[in-house]
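Chemist: below: sequence and its predicted model.
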There are 2 protein chains.
Amino acid sequence: MSEGRGGKAGYHHGDLRNALVDAASELARGGGPEAVVLREAARRVGVSPTAAYRHFANQADLLQAVKDEGQRRLADSMEEAIAETEPPPGGDPAAAAKARLMALGFGYVRFAVTEQGMYRTAFCRVGPDREKWTHEGGAAELRPGDARSFRLLVGAMDAIDAAGAMRPGSRTGAEFAAWSSVHGLAMLILDGPLHEVPPPQRDAIVTRTLTTILDGLTV
Amino acid sequence: MSEGRGGKAGYHHGDLRNALVDAASELARGGGPEAVVLREAARRVGVSPTAAYRHFANQADLLQAVKDEGQRRLADSMEEAIAETEPPPGGDPAAAAKARLMALGFGYVRFAVTEQGMYRTAFCRVGPDREKWTHEGGAAELRPGDARSFRLLVGAMDAIDAAGAMRPGSRTGAEFAAWSSVHGLAMLILDGPLHEVPPPQRDAIVTRTLTTILDGLTV
DNA sequence: CAGGTGATGTTAATACTGTCAACATGAGGC
DNA sequence: GCCTCATGTTGACAGTATTAACATCACCTG
């Protein structure tokens, strides 16, 4: 064989599921969730449309797989942003924790802007009719990948709190306030009034929004 | 004739465009933007599918009309929320301005929760291929209704600023920070991690998020 | 007031989509 | 070596948007 990551020999593909997710992800990258059409993904993989139904319950199920992939890449982007951040001089743990939170926000928005289609897909609504064997033996209620980016945020909040920089009474629900801001900001940039704003001013607004949240949460 | 708001006598309907928008809005109310399907709207009005093309360039154009309607209703909800708010005792203009901003936020979220489908439609992406005569003689670039809710927010911010309650340097971009929070919050509630949270706790989170923003913006 | 005409609706047809049922293939265990 | 079942294929059906060609009638014009 020798075909990297499962080859497609002949009649049997060997790795159809992943191939379909890849193709569908590419569609999503270009056109968002409404662009991930099952037949087109199958076409690109070079397989008949109905073959997809051996690996996905329906189109919604395929879309969910792409969505999970999007969430994964988003979390990656946020982790990268943290990794790129060097702690501010002075060794102040509070300042470091704040800087990390800001980095998370920038990483988030950067991904949203850079990978518009994928970002939109990562947060698209997926339709209810997707039960079936998708998870029937499945574990918990929560989707696994869905949470990683959110957990990063929670961790950053905990760090700020641990450094004693959190405003009294502000810890509970702080993740939601921060997440809301950043998610809404991304939407504003992608579809809303900030759509046409050139990058420099846009970045300034992002910075101001993030600092506003930080000011509201910390002392 | 005597048929309220333009009657449908026989062959010619008389008010098809509005009738279609109404029907489509009802679809959106129930199932969000993806539920507004041209043929179904026509079916409900009792007209042939292609009749719609005499009033809309295509399905995206119809969807845009529904979206505008959604924006209108959202702005109405926010104005109602302001109207229901009595200024806090003491006659402090800063406190009154802050209270009004909070009311706007609550009105916004209330609409999002109460009218999920319509809210989602009001902020859905509408697809590019919609030029044509939709606006060809049209005025400016900006959609008119799109802005009203946003202008309400700007006004509230100005009032806070005028009352001298704005934190130094926080005025610029303040609307975006506030709007982001509230919009992201609504999304979190509709589709995200806050989906299953019971109303009481949900309201608490909303309150905390709004106060966080307020704390970040004001002195 | 007759007659033409353009806005408004209708019918028929095309090209997509998702999805199911019936059939084909061949990889791997007995 | 054969048989079985996961995996792919073909064919068909329903639903959607959209266009072209045709029908009707409200209203302006002479």
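Modeler: Yes, it's here. Everything numeric here is computed off the predicted structure, so don't read it as measured data.
Chemist: for DNA strand D, what are the nearby residues on chain A?
Modeler: A:11-14, A:16, A:47-51, A:54-55 (Cβ under 7 Å from any atom of the strand). Using the backbone N, CA and C atoms, a C-beta is placed for each residue, glycine as well.
Chemist: can you tell me what sits against stretch A:29-46?
Modeler: Residues from elsewhere that reach stretch A:29-46 (Cβ atoms under 8 Å, 6 or more residues apart in numbering or on different chains): A:8, A:13, A:16, A:19-20, A:23-24, A:26-28, A:48-49, A:51-52, A:56, A:59, A:62-63, A:66-67, A:115-118, A:120-121, A:124, B:125.
Chemist: lowest-pLDDT helix or strand in chain A?
Modeler: helix A:144-162 (a mean of 89; mean pLDDT, DSSP states H and E).
Chemist: which intervals of chain A have sub-threshold pLDDT?
Modeler: Chain A contains residues with pLDDT under 70 at A:1-9, A:129-146.
Chemist: the same query, at a cut-off of 80, please.
Modeler: Residues of chain A meeting the criterion pLDDT under 80: A:1-12, A:127-146.
Chemist: what parts of it come near chain B?
Modeler: Where chain A comes near chain B, counting by Cβ under 8 Å from any Cβ of the partner chain, the residues are A:32, A:120, A:123, A:125, A:150, A:167, A:170, A:172-174, A:176-177, A:179-185, A:187-188, A:191-194, A:204-205, A:208-209, A:211-217.
Chemist: repeat the analysis, applying 7 Å as the threshold.
Modeler: A:123, A:125, A:150, A:170, A:172-173, A:176-177, A:179-185, A:187-188, A:191, A:193-194, A:205, A:208-209, A:212-213, A:215-217 (Cβ under 7 Å from any Cβ of the partner chain).
Chemist: so which bits of the helix ranked longest in chain A are buried?
Modeler: As assigned by DSSP state H, the longest helix anywhere in chain A is helix A:59-84. By 16 or more other Cβ atoms under 10 Å in any protein chain shown, the buried positions in helix A:59-84 come out as A:59-75, A:77-79, A:81-82.
Chemist: then stretch A:199-207?
Modeler: For stretch A:199-207, using 16+ other Cβ under 10 Å, the buried residues are A:202, A:205-206.
Chemist: near residue A:127, how many other residues are there?
Modeler: 14 (other Cβ atoms under 10 Å in any protein chain shown).
Chemist: now it. Nearest residue, chain neighbours left out?
Modeler: residue A:60 (4.5 Å; Cβ to Cβ, 6 or more residues apart in numbering or on different chains).
Chemist: check the gap between that neighbour and residue B:192 for me.
Modeler: 18 Å (Cβ to Cβ, to the nearest Å).
Chemist: same question, residue A:24
Modeler: 22 Å.
Chemist: ok, the two, which is more surrounded?
Modeler: residue A:24 (28 against 18).
Chemist: might one say that the more buried one is in contact with residue A:67?
Modeler: No - between residue A:24 and residue A:67 there is no contact under Cβ atoms under 7 Å: 10.1 Å.
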